[in-house]
Each structure stands twice: as structure tokens, then as C-alpha cells.
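# predicted coordinates and the sequence they were generated for:
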Amino acid sequence: QKMEVDTLISARWIVPIVPADTYLENSCLVIKDEKILDILTQSEAKNKYKALNSFDLGKDHVLIPGMINMHSHSPMTLLRGLADDVELMDWLLHFMWPHEGKWMSPDFVRVGSSIALNEMLKSGVTCFNDMYFFPDVTAKAIDESGMRGVVGAIAIQFPSAWASNTDEYFEKGLKVLKEWKEHDRVHVVFAPHATYTVDDAGLTRMRDLAEQYDSRVHIHLHETSKEVSDHKNQYGGRSPIQRLSDLGLLNNRLIAVHMTQLTDEDIKAIAAAGATVVHCPESNLKLGSGICPVSKLVSAGINVCLGTDGAASNDDLDLLGEMRTASYVDKFKVDDPALSAFEVLRFGTINGAKALGLDHKIGSLEIGKRADVVAVKLTARPIYNPILTLVYNGTNRVEYSWVDGKLLLDQGKPTLTDEIKLYHEVEEWGEKISSWDKKRKGPEYEMIEGKLAEYQQYSSETPKDKVKEAQTQVQEWKNSTFGWGFFAARHAERKSAVHKLTQLQESLEEIEGELKKLE
């Protein structure tokens, strides 16, 4: 008598990841009670099992473990396409931080996270490691999506709509951690933004809490040469890695993202500590930050994973594409041994699971593990090795995804998401963001000049509160000239744009002086 099971998935190839560099042909994966029960030939499966749901995927598909995106800022998907051809700090100062200051809210995070989750699911990601404000909102979006995810209890030394000071960041982060502690698919880690945005006290506090709650620590580290050089100037010649080591944070809990600027001594320290490195090649290439020396890291025995970063700097959340890019940029560094396609596939699967402490549950297709499975249609022909075709061919299509054995993507369509409603919400946000972005890139000269002419008429008879209001407005315009100057310098008619702005700055200084006399 045949054993009753939940799902049978038959495919031309199965790449289980464990054992290494192996693929099975004409095989079947069996799911029962949310777990992988068996992997065997298709003929054996027909004789042994009876399933409630059967998927015979024919001769085009390969089954792989659900992929794990180890670094994302999912709500920032709403800011995709706002900036191009700028390095990291200009991207942050003139594009991302102004918009985040303007739009940050639970609804921004809800819609941004939801579209990111949808996009990741459709590209084969079933688990991701996120860092952003309002992690409680992203956690709820993960739960509703049916996917698996990790949210970061973020800390940063700037007030935001999420928290007004360091204590509040920690207080709210701990609340999120405790709320989701028992959830099977949603996890919470600690996420100090970077060594240049969190002081020693904050980092030490993160270390202690990570130990107390047995949690990982997710941080941007050694992302650009300027970050490292500025840090050395500020901290007596110590690099960010050295400072984390001195504070007791360089250990096997650490998930260090980007790591494009590494010395041989840095690599030895990371390896000795057992820390994980997340490689984000496409984002680092777009922002001109550099490239992580992954071959050296792998040779040193370091666990390397893959991340897309946020869609605002990538501009997609496609981990298969990230694998292809990682393979190519690695081969460009001819001094190092090139990574194989299978090694890069490990970056996006089992290595990510290890980094999160979830490798006993996910990251490979093994009997007893959770049934997080993805079916990819390989479009190229001929196919001599499905692993090579999977990693190097850019036209492959993810068509099915299961998490805990539940079908979340069916022939490329999400089963739990109302895409029409979601796309409508995204479009509404896009219109608001675009409208404000156009206005903020330069002063409204006619309006400002009219106001300045009005302020020139103020005298000792003008009410003090009115003078104060004018001073506040002038100061606001003066603060805005920093951003306006950046965009004036990039204007098509740069010389006239810069000259006009300079004249406005002089007028603001003059009016500020006149108003000061009326206090």
C-alpha cells in the first residue's frame, strides 16, 4: 500500500547542495508535514507514494533549495531609481536620507516591504535578512506572505520616525524581538547600522544583548575606502574591524556586510573569529564602493553569503542575477583562484542558512529539513550541467516556490498576494515621491525672492513672533542650500545654475543679518 504524503515534485534535475557539487536526474522530492520526507527516482516515487498534490515539471526544471538573500532594506524598494551615478555618501546624503526623512512611516514600510517580498519570491528567494526602520511592520508582512525572514532591531545615532534617540531604538527593538521570539518563520536579530553611525556605548550594548538573547549582529562594515580612512582618523588609526574586535563584537555572531576594503590582516581576524561576510556585488558596483575579495575569504575558510542590498542601490532583488554577477567579478580578479558555479550557489543557499543559525532547517534539500523549495525553468539548450546553466544563464525563470511545503508561487504567480492591489499602492507612493523629488532639487526662486522682499520691509515695529517666524524660514532655506548646491553642480547648465544659487545664498545671509537686528 502506498504511503499518503502532501506533495510530490518531479523534475529533470534536483540540486540538493548537500552532498557538494551534485545533481540528481529524473528524480522526485517528497513533502509531508512541512518537511522533506524523501528524495528518490520518479519511478520509485510512483510505486511508493500517493500525494494530495503532484507536480510533474517535465524536462526543463531544476529544483534547488529556497534561496536566502542575506542583506536587504526591503522598504527602500519604493526609492528604487531615484539616484544614478553617485558614490555611497552622496547617495545617502542627497537622495536616501532626505526621502526617508520625508516619507518614513508604517505605511511606507508596509508597502515597500510587501513589494520587495513579492519580487524576492518571484526570483526564488524564500528567506531574507532585512535591516530597516519599523521592523515590526516588515515582520508582519513576512508572516502574511508565508515566506521566511529575519528583521533587524536597528540602531543608529539619528532620530527617525521609528525612534527619537538611542534608548528608544533599543527599547523598541527589544519589544519586536520578544513579540516574534516564538514564531517559526520570522526571526529578529540586532542591527547596528554601521561603525560610523553607532558609538562605542551603542555597539557594546548590542554585543551584550546579542549574547543575552543568543542573536546575530547584522552590520554594514568596510563598505568604502572613505569609511575606513575616516574611521582610522577618528579612532587613532584603528579600522572598523579592529574597533569591533576591541569591543568584543568580532565573533561568530557577526554578519558583516559589503567588506570591500580588506587587508590580509583583516581576513585573518575575520577567519579566526568565525564571522560571516555578505557579498553584495551589484550594489557595490553601482555605487562604486569596491568589490569584496571573496576568493581570499573562501580560501581562509570564511563563511561567505550573498545579498542584493536594497533595491534603491541595486536596482533589483534577484539573487540568481547576484550569483551570476558574483561569479563574473570574481573571475576578473585574476590573482585569486576563481570560484566555481557551485560555490557561488552555496553562497545563496546553505551559507546563508549557516550565517543565520538555520542550517539545521533550511539551505539544502535534505531529508528531515523544511520543505523550502524552488523550481527554476532552465531556458538554454543544450544543458550539460544544470548547475552551470543555473548560475551563468541570465534567462532562467523561477516558476514555483514552496515554504514549509506550502505553495507560494505557482507558474510564476504568487498564491497569497493580491498583485493588482499591491501595484496600485506602489504607484500611489511612486507619484508622491516623484512629485516631491522634483521640487526638492532646487529652490522655488520666485516664491523665495518674494518672501525675502517682504522680510526686507520688516522694522522695529514688526511683531517679534513674526520676526522669529521669518528667521526660522530663512534658516530652513539656508540648510537646504547644501542639497541644492549638489544638484546645481550636476545641472545641464551648471555654470548659470551655480551662479544663481550663489546669489540666493548671499541674499539669505543679508536678510538673516537684518532680521538679527530686529530681535
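Noted; the coordinates are in hand. Residues are numbered from 1 along each chain as shown.

# how about the secondary structure of residue 38?
Following DSSP: H, G, I helix; E, B strand; the rest coil, we place residue 38 in the strand state.

# which residues of the stretch 101-250 of the chain fall in helices?
Counting by DSSP state H, counting those that start in this stretch, the stretch 101-250 of the chain has these helices, from start to end: 106-122, 135-145, 166-179, 200-213, 225-234, 240-246.

# want to throw those into a markdown table with mean pLDDT and distance to residue 281?
Backbone N, C-alpha and C define where each C-beta goes, glycine included. As requested, the helices of the stretch 101-250 of the chain are arranged in a markdown table below (pLDDT from 0 to 100; distance: least, Cβ to Cβ, whole Å):
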| stretch | mean pLDDT | distance to residue 281 |
| --- | --- | --- |
| helix 106-122 | 98 | 17 |
| helix 135-145 | 98 | 24 |
| helix 166-179 | 97 | 29 |
| helix 200-213 | 97 | 27 |
| helix 225-234 | 95 | 17 |
| helix 240-246 | 97 | 20 |
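
# list the contacts for residue 285?
Shown in contact with residue 285 (Cβ atoms under 8 Å, 6 or more residues apart in numbering): 291, 325, 329.

# ok, residue 30 touching residue 40?
Yes: contact criterion Cβ atoms under 8 Å: residue 30 and residue 40 qualify, at 7.4 Å.

# so for these two, which residue has more residues nearby?
For residue 30 versus residue 40, neighbours defined as other Cβ atoms under 10 Å are more numerous around residue 30 (22 against 16).

# per-residue confidence at the residue lying closest to residue 79 once chain neighbours are set aside?
Nearest non-adjacent residue to residue 79, counting by Cβ to Cβ, 6 or more residues apart in numbering: residue 312, 4.2 Å away. Note on residue 312: pLDDT of 91.

# as JSON lines, the contacts of residue 285 with neighbour count and secondary structure would be great.
Conversion of the contacts of residue 285 to JSON lines gives the following (neighbours: other Cβ atoms under 10 Å; DSSP: H, G, I helix; E, B strand; the rest coil):
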{"residue": "291", "neighbour count": "19", "secondary structure": "coil"}
{"residue": "325", "neighbour count": "20", "secondary structure": "helix"}
{"residue": "329", "neighbour count": "17", "secondary structure": "helix"}
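
# a markdown table for those residues, including pLDDT?
A markdown table is the format used below for the contacts of residue 285 (pLDDT from 0 to 100):
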| residue | pLDDT |
| --- | --- |
| 291 | 92 |
| 325 | 96 |
| 329 | 90 |
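
# quick one: which of the residues you listed is nearest residue 4?
residue 325 (43.7 Å; Cβ to Cβ).

# poorly predicted segments of the stretch 201-350 of the chain, please.
333-337 (pLDDT under 70).

# for the protein, longest helix please?
helix 464-489 (DSSP state H).

# buried residues in stretch 201-218, which are they?
202, 203, 205, 206, 207, 209, 210, 213, 215, 216, 217, 218 (16 or more other Cβ atoms under 10 Å).

# make that stretch 367-382, sorry
369, 370, 371, 372, 373, 374, 375, 376, 377, 378.

# which pair in these spans the largest distance?
Pairwise distances across the buried residues of stretch 367-382 peak at 24.5 Å for 370 and 378 (criterion: Cβ to Cβ).

# count the neighbours of residue 341 for me.
18.

# surely it is in contact with residue 392?
Yes: counting by Cβ under 8 Å, residue 341 touches residue 392, with 6.5 Å between them.

# mutual contacts of those two, please.
residue 327.

# that older thread, for residue 89, see how far away the residue nearest to residue 79 is.
15 Å (Cβ to Cβ, to the nearest Å).

# so these two - more neighbours on which side?
Remark: of residue 312 and residue 89, residue 312 carries more neighbours, 24 against 14, as counted by other Cβ under 10 Å.

# which ones are touching that one?
73, 76, 77, 79, 80, 81, 82, 83, 95, 96.

# closest one of these to residue 128?
For the contacts of residue 312, the nearest to residue 128 is residue 73 (10.5 Å; Cβ to Cβ).

# helix/strand/coil for the closest residue in space to residue 59 that isn't next to it in sequence?
Leaving aside its chain neighbours, residue 59 sits nearest to residue 12 (4.8 Å; criterion: Cβ to Cβ, 6+ apart). The three-state label given to residue 12 by three-state DSSP is strand.
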